[in-house]
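>>> Sequence first, then the predicted structure:
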Amino acid sequence: MLELEHQLTRARGILRRAWARTANTDPELVAPARLVLRLDDTDLPGILGAGDTLTIHEWNQVITQAVEQYGPLPVTILAQHNANDERVAPLIRFAHRMECPTSLVTDGTGIDDAQAELLIDVGLGAIRILVGGVSDGIQAQTVGNTAAEATGAVASVLAARDNRNSSIDIEVAIPWTGPVVLEIAAIVGWARQAGVDGVRILAPLLANDLPADPELLDKTIDSAGVFCRNTGTSIEEIHAMVAHPDGKPGLDKKHATRRRKKRKCPVGGQRLVVAAAGNVYSCPFHAPIGQLGDELSDTLALGRAHLEAIASCNRVCSHVELAPAPIFG
Ligand code: SF4
């Protein structure tokens, strides 16, 4: 029965994404395919909003209202540098109980054996751990924590998956940034040997500090084969970002593939983010919809200007958090 529910959720997500590709700007007609709860601002300083952070009760209300409105949509928790934050496990538990598929994006900080087992016990369905180096120095420059914290987290989640006989999806995400090229081959080899389900090379949110080594990028993808989860389009767009590092989000549309050039950014129709201090938005690079009110639907009704800015955006973002492809799998 649960399996059927998940298939239905997936089918609904596919339909919503297809609908989102029309880049509708009418808030009444937009139906997000994914709810994102942003707990920290590690990769986007200042994005959380103003004032007090939401209580667990308020977060749970957001999930409840989103499910009432859109059905049990996938819930992603962004806790990049604090996976043992006291809010993470309760939020996953609540979303899971609401039948929402859950995923967590983190650099692994704070995930030891006990935390990994707790995350699985509360219903975590997928985890993406950012690994940009196998040495502490390179991991610090590419991601911001130590290699021991990141690789230790992967090992703990793998062990917990075995111990709990869980089917959690474990992905290692490698940011294409800074000195990652020095250790990328070692990261992919280690990830494969460790037993994760796949690796993905992440475009940075902003087009700066991209290593200009297109041959290594292609060689890494080719040698990883199906173990690498990137789409061909995402790799083409990383190449284009490398060639045009203008420091802005993603890529100027004029450098994108013909297919992407023609399409409006679908993020407004598929991704709804609620950040820890109440900011509500789809794209982090345009003025947000606003501050979360008592009813999520009332806040979303104010979304027209945000959706119009997205529909007329002249950038193309291929970072997986902002790209049209499903977040995991
Ligand atoms: S900056 Fe533009 S292309 Fe990138 S996610 Fe936002 S709206 Fe989409």
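Here it is on my side, so go on.
>>> How much space separates Pro72 from His244?
Going from Pro72 to His244 by C-beta to C-beta, to the nearest Å gives 40 Å. For the C-beta atoms, the positions are set from N, CA and C on the backbone; glycine is no exception.
>>> Same check on Gly293?
Distance from Gly293 to His244, counting by C-beta to C-beta: 40 Å.
>>> Tell me the residues of the stretch 51-200 of the chain that contact the ligand?
Of all the residues in the stretch 51-200 of the chain, not one is in contact range of the ligand (C-beta under 6 Å from any ligand atom).
>>> what does whichever helix or strand Ile129 is part of rub up against?
In this structure, Ile129 sits in strand 126-130 according to DSSP states H and E. For strand 126-130, the external contacting residues (C-beta atoms under 8 Å, 6 or more residues apart in numbering) are 80, 101-108, 111, 119, 143, 150, 153-154, 157, 168-175, 200, 202, 327-329.
>>> can you tell me which of the residues you listed are in helices?
Leu119, Ala150, Ala153, Val154, Val157 (DSSP state H).
>>> what about the last one, neighbour count?
When counting by other C-beta atoms under 10 Å, one arrives at 27 neighbours for Val157.
>>> what's the distance between the closest residue to it other than its chain neighbours and the ligand?
Nearest non-adjacent residue to Val157, counting by C-beta to C-beta, 6 or more residues apart in numbering: Ala116, 4.6 Å away. Using C-beta to the nearest ligand atom, to the nearest Å, one gets 31 Å for the distance from Ala116 to the ligand.
>>> Now Ala116: which helix or strand?
helix 113-121.
>>> what about that helix, distance to the chain center?
20 Å (C-alpha atoms, centre = their mean, to the nearest Å).
>>> before we move on, what about stretch 127-137?
Averaging C-alpha positions (C-alpha atoms, centre = their mean) puts stretch 127-137 16 Å from its chain's average.
>>> Put the alpha carbons of that stretch into CSV.
Below are the C-alpha coordinates for stretch 127-137, written out as CSV (Å, rounded to 0.1, in the frame of the first residue of the first chain):
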residue,chain,number,x,y,z
ILE,A,127,20.7,11.4,1.9
ARG,A,128,23.1,13.5,-0.2
ILE,A,129,26.5,14.1,1.5
LEU,A,130,28.9,16.7,0.0
VAL,A,131,32.4,15.5,-0.4
GLY,A,132,34.9,17.7,-2.2
GLY,A,133,38.1,16.0,-1.0
VAL,A,134,39.6,13.0,0.8
SER,A,135,42.1,15.2,2.7
ASP,A,136,41.1,17.7,5.3
GLY,A,137,42.7,20.6,3.5
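>>> In it, which residues are buried?
Residues of stretch 127-137 classed as buried under the neighbour-count rule (16 or more other C-beta atoms under 10 Å) are Ile127, Arg128, Ile129, Leu130, Val131, Gly132, Gly133, Val134.
>>> average pLDDT across stretch 59-67?
What stretch 59-67 shows for mean pLDDT is 96.
>>> can you list contacts of the strand of greatest length in the chain?
Criterion DSSP state E: the longest strand present in the chain is strand 169-175. Strand 169-175 is contacted from outside by 103, 105, 125-132, 142-143, 154, 157-158, 161, 180, 184, 187-188, 191, 196-202, 204, 229, 320, 328-329, using C-beta under 8 Å, 6+ apart.
>>> Quick check: ChimeraX command selecting the buried ones in those residues.
Restricted to buried positions by 16+ other C-beta under 10 Å, the ChimeraX selection for the contacts of strand 169-175 reads:
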select :103,105,125,126,127,128,129,130,131,132,142,143,154,157,158,161,180,184,187,188,191,196,197,198,199,200,201,202,204,229,320,328
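>>> on that earlier part again, neighbour-wise, which of Pro72 and His244 wins?
Using other C-beta under 10 Å, the more surrounded residue of Pro72 and His244 is Pro72, with 19 against 14.
>>> Report the separation between the residue nearest to that one when sequence neighbours are not counted and the ligand.
Excluding its sequence neighbours, the residue lying closest to Pro72 (C-beta to C-beta, 6+ apart) is Glu99, at 3.9 Å. Distance of Glu99 to the ligand, computed by C-beta to the nearest ligand atom: 28 Å.
>>> pretty sure Glu99 is in a strand, no?
No: counting by DSSP: H, G, I helix; E, B strand; the rest coil, Glu99 is located in no strand; its state is coil.
>>> For it, give its distance to Ala301.
Look at Glu99 and Ala301: by C-beta to C-beta, they are 26 Å apart.
>>> Neighbour count: these two, which is higher?
Applying other C-beta under 10 Å to Glu99 and Ala301 shows that Glu99 carries more neighbours, namely 16 against 13.
>>> so the more buried one touches Leu73, yeah?
No: Glu99 lies out of contact with Leu73 (C-beta atoms under 8 Å); the separation is 9.8 Å.
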